[in-house]
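Trainee: Prediction below, plus the sequence it came from.
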Amino acid sequence: MRNRGPAFVKGHGTQNDFVILPDTGGELELTAERVRALCDRRRGLGADGVLRVIRTGALPDAPADVPADVWFMDYRNADGSIAEMCGNGVRVFARYLVESGLAEPGELLIGTRAGVRPVRTRPDGRVTVQMGQIKFFGESATSVSGVDFAGVAVDVGNPHLACVGDVDLDALDLTGTPPRDTGLFPDGVNIEFVQPLGGDEVRMRVHERGVGETRSCGTGTVAATAAALRAAGEDTGSRVVHVPGGTVEVEITSAGSTLTGPAVLVGGGQLGAEWWQNP
Ligand SMILES: N[C@@H](CCC[C@H](N)C(=O)O)C(=O)O
């Protein structure tokens, strides 16, 4: 390819997949249309979302409480919308920072629209993220194929409705967007269906705001764990969460929550300059 556009790296966390766009100079014009084209699995690279790598100080709408020199995960959903936080994305973002030499392995801080997230990269390839305090903010319901599901509203930096019950997850048709209470979730919601398996294990499927069904959602696994603990009459504890794309571990204590799981970099390349101009 003679005319080269921006560089990219493709990665995933439990098969929640992302196009990483390094923008260390803060120069890329990342429009919603470019995000949609990048994430399109036929006309683009294909992904659930885009992670732009930029210094917080270079992003005009960055939250004031994130220090300017911290690397910021500018997250976009596949439909081009902006979301506050992405738990699988943060792990993949951390792996990218370390592999590309932008950060040392071990402890690092990542800026997000939900605030700073302390992260620890591990030698085995897994990454642990401190996901902060979860907050319950109501009860609500949704339905799939005419079947009603009750759930709890959970704020993990972004909004979730976590529905825990003895549900036949394999039978759920999540090709459409399940209805939501627009009063409780005015900006949309990520919806988790959670089946306790006994002991500290649960299974989960998720319909993500701005994407559709994905094979995993990190913030969703934290919401699912909080809801599963609450259903068991507990405030704190841990769950091993099995999603279609793999397994993660979540712990909730009185001090906050952590998410541990894999982060994989698949490969990278260069976008075509013409494609980037007119995707
Ligand atoms: N897949 C993510 C969540 C991404 C954002 C979400 N779709 C939203 O709009 O809030 C995760 O791993 O947490």
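Mentor: Good, I have the coordinates. Numbering: from 1, shown residues only.

Trainee: how about the residues of the stretch 101-250 of the chain near the ligand?
Mentor: For the stretch 101-250 of the chain, the residues found near the ligand under the criterion CB under 6 Å from any ligand atom are 158, 190, 208, 209, 210, 211, 214, 217, 218, 219, 220. For the C-beta atoms, the positions are set from N, CA and C on the backbone; glycine is no exception.

Trainee: could you pull out the helices for the stretch 101-250 of the chain?
Mentor: 218-231 (DSSP state H, counting those that start in this stretch).

Trainee: Format the residues of the stretch 101-250 of the chain next to the ligand as CSV; extra columns: pLDDT and neighbour count.
Mentor: As requested, these are arranged in CSV below (pLDDT from 0 to 100; neighbours: other CB atoms under 10 Å):
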residue, pLDDT, neighbour count
158, 98, 26
190, 99, 24
208, 98, 29
209, 98, 21
210, 98, 20
211, 98, 20
214, 98, 24
217, 98, 36
218, 98, 27
219, 99, 32
220, 99, 31
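
Trainee: And those residues, which two are furthest apart?
Mentor: Comparing all pairs in those by CB to CB, the longest separation belongs to 210 and 218, at 14.9 Å.

Trainee: What separation is there between the nearest residue to residue 87 once chain neighbours are set aside and residue 102?
Mentor: The spatial neighbour of residue 87 that comes closest, neighbours along the chain excluded (CB to CB, 6 or more residues apart in numbering), is residue 218 at 2.1 Å. The span separating residue 218 from residue 102 equals 21 Å under the rule CB to CB, to the nearest Å.

Trainee: next one: residue 95
Mentor: Relative to residue 102, residue 95 is positioned 11 Å away (CB to CB).

Trainee: again with residue 65
Mentor: The gap separating residue 65 from residue 102 is 22 Å, by CB to CB.

Trainee: Which one's more surrounded, these two?
Mentor: The residue with more neighbours, out of residue 65 and residue 102 and counting by other CB atoms under 10 Å, is residue 102; that gives 13 against 8.

Trainee: ok, now which ones touch the more buried one?
Mentor: With contacts defined as CB atoms under 8 Å, 6 or more residues apart in numbering, residue 102 is in contact with 24, 53, 71, 96.

Trainee: For the stretch 51-200 of the chain, give me the ranges with low pLDDT.
Mentor: Residue ranges of the stretch 51-200 of the chain with pLDDT under 70: none are present.

Trainee: Figure out how far stretch 38-53 is from the centre of its chain.
Mentor: The offset between the C-alpha centroid of stretch 38-53 and the centroid of the whole chain comes to 14 Å, using CA atoms, centre = their mean, to the nearest Å.

Trainee: Looks to me like residue 17 is in a strand.
Mentor: Yes - the assignment for residue 17, made by DSSP: H, G, I helix; E, B strand; the rest coil, places it in a strand.

Trainee: can you pull up the bridge partners for it?
Mentor: Taking DSSP bridges, one obtains residue 12 as the residues bridged to residue 17.

Trainee: What distance do you get for it to residue 78?
Mentor: According to CB to CB, residue 17 and residue 78 sit 10 Å apart.

Trainee: Give me the common contacts of these two.
Mentor: 47, 48.

Trainee: Who are the contact partners of the residue nearest to residue 22 when sequence neighbours are not counted?
Mentor: Leaving aside its chain neighbours, residue 22 sits nearest to residue 53 (4.7 Å; criterion: CB to CB, 6+ apart). Going by CB under 8 Å, 6+ apart, residue 53 touches 20-24, 71-74, 93, 96-97, 102.
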